[in-house]
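# Need the 3D shape of this:
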Amino acid sequence: MNIKPLNDRILVVRVKEVEKTAGGIIIPDTAKEKPVEGKVVAAGPAKRDENGYRIPLEVKKGDKILFSKYAGTEIKIDGVEHLFMREDDILGILN
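Residues are numbered from 1 along each chain as shown. I've put the predicted structure just below:
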């Protein structure tokens, strides 16, 4: 399925979270929190300012990002969970 985000929206897939702690303790599924790191799969063209000009996005396809815990709308594409979010929901780009 091909999806093209519009305006300043971004399609993100969450990164896998750690199954064990540094000390070797296995974390059960019920105690895990959803990760707040992801990889940008697709990005829209950009939002427009009051004069109609596009303001370029800071992120691009392939960037690893950190986003707020309750950001975006969860959707499933081909059985994989993705998030649609606005650029404003992104806290930072990970290097």
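
# in the sheet, who's paired with H82?
Counting by DSSP bridges, H82 is bridged to V13, I75.

# what separates it from N95, distance-wise?
Using CB to CB, to the nearest Å, H82 is found at 23 Å from N95. Where you see a C-beta, it was placed from the backbone N, CA and C, and this is true even at glycine.

# what about those two, which has more around it?
Using other CB atoms under 10 Å as the criterion, H82 and N95 rank with H82 on top: 20 against 5.

# Now do the more buried one against K76, distance only.
From H82 to K76 the distance is 7 Å (CB to CB).

# Tell me how many other residues surround T73.
Count around T73 with other CB under 10 Å applied: 9.

# The nearest residue to it once chain neighbours are set aside: what's it in contact with?
For T73, ignoring the flanking residues on the chain, the nearest one in space by CB to CB, 6 or more residues apart in numbering is F84 at 4.8 Å. Counting by CB atoms under 8 Å, 6 or more residues apart in numbering, F84 touches P5, R9, I10, L11, V12, G72, T73, I75.

# Mind telling me what element F84 is part of?
strand 80-86 (DSSP states H and E).

# would you put the C-alpha positions of that strand in PDB?
Taking Å, rounded to 0.1, in the frame of the first residue of the first chain, the C-alpha atoms of strand 80-86 are listed here in PDB:
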ATOM      1  CA  VAL A  80       2.700  -3.300  10.600                       C
ATOM      2  CA  GLU A  81       1.700  -0.600  13.100                       C
ATOM      3  CA  HIS A  82       2.600   2.900  12.000                       C
ATOM      4  CA  LEU A  83       1.900   6.400  13.400                       C
ATOM      5  CA  PHE A  84       0.700   9.400  11.500                       C
ATOM      6  CA  MET A  85       1.800  12.600  13.300                       C
ATOM      7  CA  ARG A  86       2.400  16.300  12.700                       C
END
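
# Show me which positions of stretch 44-51 end up buried.
G44, K47 (16 or more other CB atoms under 10 Å).
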